[in-house]
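Asker: Sequence and predicted model, in that order:
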Amino acid sequence: MAAAAFPLVRMPDALLRTSPTPPNPTDVLLDTRVESGALEFVLRCTGPGAAHAVRVRFSRAIRDVAGERVNDNPLFTQLEFLAPGREVALLIDTLAGYGRRRQPMRFDVRLAWRDDAGRTCRRDLTHDLAAWSHLRQRL
């Protein structure tokens with residue numbers, strides 16, 4: 001076998017002992033889903049760990065088909081445990097009805113939770129439902 005083309009360089013011990021913090025294996029997302037014309041908000045826990053004390057804050061007030069503030073739904077304000085791989089869908093309205101009621105098409109969401117190790121985690125997302133507007137014609 002031929003000798004290595006590059007000489008091996010010894011790393012200083014300090015660099016070997018320092019490693020970046022491992023990525024958080026638990027992630028929480030709030031997704032939007034449109035199926036058969038129905039608009040749903042889907043809260044999902046991904047990764048191998050559970051999410052604890054999950055809180056979702058919306059940048060704008062959003063009302064569902066019954067006129068209730070989605071922002072105040074216990075799913076988003078009081079959820080204490082979301083198992084790994086679990087998703088919970090909340091029916092908001094039909095996409096066409098949501099638009100007719102002049103609900104916000106673009107809004108930001110801040111998610112906060114604790115992982116199994118007790119670390120506080122956060123994620124900010126922006127949703128723009130106008131991306132789904134072409135589906136209104138199919139309802």
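Answerer: Received, thanks.

Asker: what about the closest residue to R110 other than its chain neighbours, how many neighbours?
Answerer: Nearest non-adjacent residue to R110, counting by C-beta to C-beta, 6 or more residues apart in numbering: R57, 4.6 Å away. C-betas here are computed from N, CA, C, even on glycine. For R57, the tally of surrounding residues (other C-beta atoms under 10 Å) stands at 13.

Asker: got the contact list for F81?
Answerer: By C-beta atoms under 8 Å, 6 or more residues apart in numbering, the contact list for F81 reads 50-52, 54.

Asker: Which residues does the one helix or strand L30 maps to contact?
Answerer: For L30, the enclosing helix or strand under DSSP states H and E is strand 27-35. Under the criterion C-beta under 8 Å, 6+ apart, residues 39-47, 51, 54, 56, 82, 89, 95, 109, 111, 113, 121, 123, 125, 127, 129, 132, 135 lie in contact with strand 27-35.

Asker: picking that back up, any idea how far the residue nearest to R110 is from D27?
Answerer: Note on R57: its distance to D27, by C-beta to C-beta, to the nearest Å, is 17 Å.

Asker: can you check G47 too?
Answerer: G47 is 5 Å from D27, by C-beta to C-beta.

Asker: How about F58?
Answerer: Relative to D27, and taking C-beta to C-beta, F58 is found at 19 Å.

Asker: May I ask which of the contacts of F81 has the most neighbours?
Answerer: Highest neighbour count within these, by other C-beta under 10 Å: A51, with 27 neighbours.
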